[in-house]
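Q: generate coordinates for the sequence data below:
(one chain, ligands or ions: 2)
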Amino acid sequence: MKVIVTGGAGFIGGNFIHYYLAAHPDDRVVCIDKLTYAGNLSTLAPVMENENFRFVKLDICDREGVFALFEEEKPDVVINFAAESHVDRSIENPEIFLRTNIIGTEVMMDACRRFGNIRYHQVSTDEVYGDLPLDRPDLFFTEETPIHTSSPYSSSKAGADLLVLAYHRTYGLPVTISRCSNNYGPYHFPEKLIPLMIANALADKPLPVYGKGINVRDWLYVEDHCKAIDLIIRKGRIGEVYNVGGHNEMRNIDIVKLICKELGKPESLITYVTDRKGHDMRYAIDPAKIHNELGWLPETTFADGIKKTIQWYLDNKEWWQEIISGEYRNYYEKMYGNR
Ligand code: NAD
Ligand code: TDX
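A: Ligands and ions are numbered 1, 2, ... in the order given. From the prediction side, this is the model:
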């Protein structure tokens with residue numbers, strides 16, 4: 001099988017490529033990535049020499065370039081991870097989110113239509129459902145929960161999801177969508193909560209917790225997400241949405257305290273800063289559908305996953321230190337300087 005993976009130089013796409021090439025050594029993977037600030041070729045260094053892997057620097061909005069690549073590679077499956085993915089950046093500058101996340105999805109699906117009705121999978125997010133109240137722990141996002149977005153990021157992802165379902169209904173494109181909860185693990189860009197707190201704690205820098213730190217996220221080890229996507233592209237029902245999550249809800253402040261404990265750093269580093277605008281309170285996935293239909297269950301507990309993740313950041317300092325020494329410094333100063 002030949003698979004085109006977009007956004008493979010990013011966090012989840014990169015982990016997916018590592019997982020996929022090991023799990024399916026006879027398949028070919030072609031990665032398309034524009035290498036934005038979030039894309040790092042060093043993430044793909046371990047597979048660059050693999051003869052079943054090819055990297056192509058390409059914008060998913062570049063219709064001509066994408067069509068030429070499809071003509072050349074003739075993929076069987078396309079998995080679209082490429083996106084602008086950081087909520088805080090979407091609040092500062094929504095436009096690029098609409099371009100990449102919506103137009104890019106359209107271009108990738110047009111290429112699938114043009115070159116033989118190719119199987120298409122969209123990597124989406126639980127954020128399209130908006131948020132749940134903290135005082136209703138009985139409520140969860142199911143695939144039937146209405147789309148109700150909060151940020152420009154989640155709105156752009158929701159727009160893309162609607163377009164994917166429209167391409168199925170209108171053109172008969174064989175699509176699936178996965179909507180996953182918050183991922184964590186190796187190669188996670190240090191602008192996101194867990195790697196940011198690890199990097200700051202190791203440097204004895206303040207740990208900026210938004211608001212009161214009581215917002216809840218449902219955390220899943222990235223490899224479990226990769227396995228879910230692999231199952232969906234093989235066994236998922238066409239035209240369906242699958243929620244992916246492991247019933248692992250945690251408050252931000254408890255995660256930050258856990259990171260302090262694991263690294264032997266004092267909680268006095270924790271600094272409460274101005275809240276995120278429109279900050280979603282709680283995400284919580286009901287994964288019953290993917291479990292019942294495809295037999296998926298998460299394999300890594302949070303206790304193990306967070307230990308493995310922290311160890312990875314300790315063992316791979318050059319990967320993230322290179323990132324935080326570059327353009328990221330300006331971003332950090334702008335977002336956190338006077339917060
Ligand atoms: P990321 O920001 O780490 O990586 C995104 C990658 O896409 C980068 O390599 C970047 O260079 C590339 N990219 C961006 N714009 C592009 C364009 N126009 N053309 C080609 N490549 C482009 O993101 P991530 O956290 O790995 O997220 C991957 C996908 O999973 C996204 O679609 C995101 O919405 C979704 N998702 C993420 C999470 C999470 O917790 N991180 C949870 C659920 C869903
Ligand atoms: O410095 C911080 N301080 C803080 O308190 C940062 C960066 C975050 N937070 C809070 C905000 C959120 O409540 O931590 C929580 C997690 O924040 P992020 O890591 O930015 O993730 P989130 O906004 O939940 O979105 C993530 O999960 C869903 C991904 O970035 C999305 O791409 C995915 O769709």
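
Q: any low-confidence regions in the stretch 151-300 of the chain?
A: Nowhere does the stretch 151-300 of the chain drop to pLDDT under 70.

Q: helices of the stretch 151-300 of the chain, residue ranges please.
A: For the stretch 151-300 of the chain, the helices defined by DSSP state H, counting those that start in this stretch cover 152-171, 193-202, 222-235, 252-263, 288-294.

Q: return the most buried member of these.
A: Of these, the one with the most neighbours on average (mean count of other C-beta atoms under 10 Å) is helix 193-202, at a mean of 22. For the C-beta atoms, the positions are set from N, CA and C on the backbone; glycine is no exception.

Q: quick one: the residue lying farthest from the centre of the chain from ligand 1, how far?
A: Here the chain reaches farthest from its C-alpha mean at Ser268, the gap being 30.5 Å by C-alpha atoms, centre = their mean. Distance, Ser268 to ligand 1, using C-beta to the nearest ligand atom, to the nearest Å: 28 Å.

Q: around ligand 2, pick out the residues from the stretch 1-150 of the chain.
A: Applying C-beta under 6 Å from any ligand atom, one finds that the stretch 1-150 of the chain approaches ligand 2 through Ser85, His86, Val87, Thr125, Glu127.

Q: run through the residues of the stretch 51-200 of the chain sitting next to ligand 1.
A: 59-61, 81-85, 100, 104, 123, 125, 157, 180, 182-183, 189.

Q: ok, now which ones touch His148?
A: Contact partners of His148, counting by C-beta atoms under 8 Å, 6 or more residues apart in numbering, are Tyr129, Gly130.

Q: for Tyr129, same thing?
A: Phe141, Thr145, Pro146, Ile147, His148, Arg179, Tyr283 are the contacts of Tyr129 under C-beta under 8 Å, 6+ apart.

Q: Three-state assignment for the fifth one, please.
A: Here His148 is recorded as coil under DSSP: H, G, I helix; E, B strand; the rest coil.

Q: now it, what are its backbone angles?
A: Per-residue torsions, His148: phi -160, psi 80 (degrees, to the nearest 10).

Q: what about it, distance to Leu196?
A: Applying C-beta to C-beta, to the nearest Å, the value for His148 to Leu196 is 27 Å.

Q: check Ile79 too.
A: Per C-beta to C-beta, Ile79 is found 27 Å from Leu196.

Q: OK, contacts around the residue of the chain at minimum distance from ligand 1?
A: At 2.0 Å from ligand 1, Gly10 is the closest residue in the chain, using C-beta to the nearest ligand atom. Residues in contact with Gly10 (C-beta under 8 Å, 6+ apart) are Asp33, Ala38, Gly39, Asn40, Thr43, Phe81, Ala82, Ser85, Phe189.

Q: from memory Cys260 sits against Asp254, does it?
A: No. Checked against C-beta atoms under 8 Å, the pair Cys260 and Asp254 is beyond contact range at 10.7 Å.

Q: okay, the helices of the stretch 151-300 of the chain in a markdown table with distance to ligand 2 next?
A: Shown next, in a markdown table, are those (distance: least, C-beta to the nearest ligand atom, whole Å):
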| stretch | distance to ligand 2 |
| --- | --- |
| helix 152-171 | 7 |
| helix 193-202 | 4 |
| helix 222-235 | 11 |
| helix 252-263 | 4 |
| helix 288-294 | 17 |
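
Q: which residue comes closest to whatever residue of the stretch 1-150 of the chain ends up closest to ligand 2 once chain neighbours are left out?
A: Of all residues in the stretch 1-150 of the chain, Thr125 sits closest to ligand 2, at 3.2 Å by C-beta to the nearest ligand atom. Residue nearest to Thr125 in three dimensions, not counting chain neighbours: Lys157, with 5.3 Å by C-beta to C-beta, 6 or more residues apart in numbering.

Q: how about Ile118: what's its closest non-neighbour residue?
A: Counting by C-beta to C-beta, 6+ apart, Cys112 is the residue found nearest to Ile118 once chain neighbours are left out, at 4.0 Å.

Q: against Gly172, how distant is that neighbour?
A: According to C-beta to C-beta, Cys112 and Gly172 sit 11 Å apart.

Q: comparing the two, which residue is more hemmed in?
A: Ranked by neighbour count (other C-beta atoms under 10 Å), Cys112 and Gly172 place Cys112 first, with 24 against 12.

Q: would you say the more buried one is within a helix?
A: Yes. Counting by three-state DSSP, Cys112 is part of a helix.

Q: touching, Val123 and Phe81? I think so.
A: Yes. Contact status for Val123 versus Phe81: in contact at 4.8 Å, counting by C-beta under 8 Å.

Q: overlap of the contact sets of those two?
A: By C-beta under 8 Å, 6+ apart, Val123 and Phe81 have these common neighbours: Gly7, Ile12, Gly13.

Q: wait, which of those is closest to Pro298?
A: Closest approach between the shared contacts of Val123 and Phe81 and Pro298, by C-beta to C-beta: Ile12, at 14.8 Å.

Q: which residues are in contact with that closest one?
A: With contacts defined as C-beta under 8 Å, 6+ apart, Ile12 is in contact with Phe81, Val123, Asn183, Val222, His225, Cys226.

Q: got it, and Phe81?
A: Contact partners of Phe81, counting by C-beta under 8 Å, 6+ apart, are Val5, Thr6, Gly7, Gly8, Gly10, Ile12, Gly13, Phe16, Val123.
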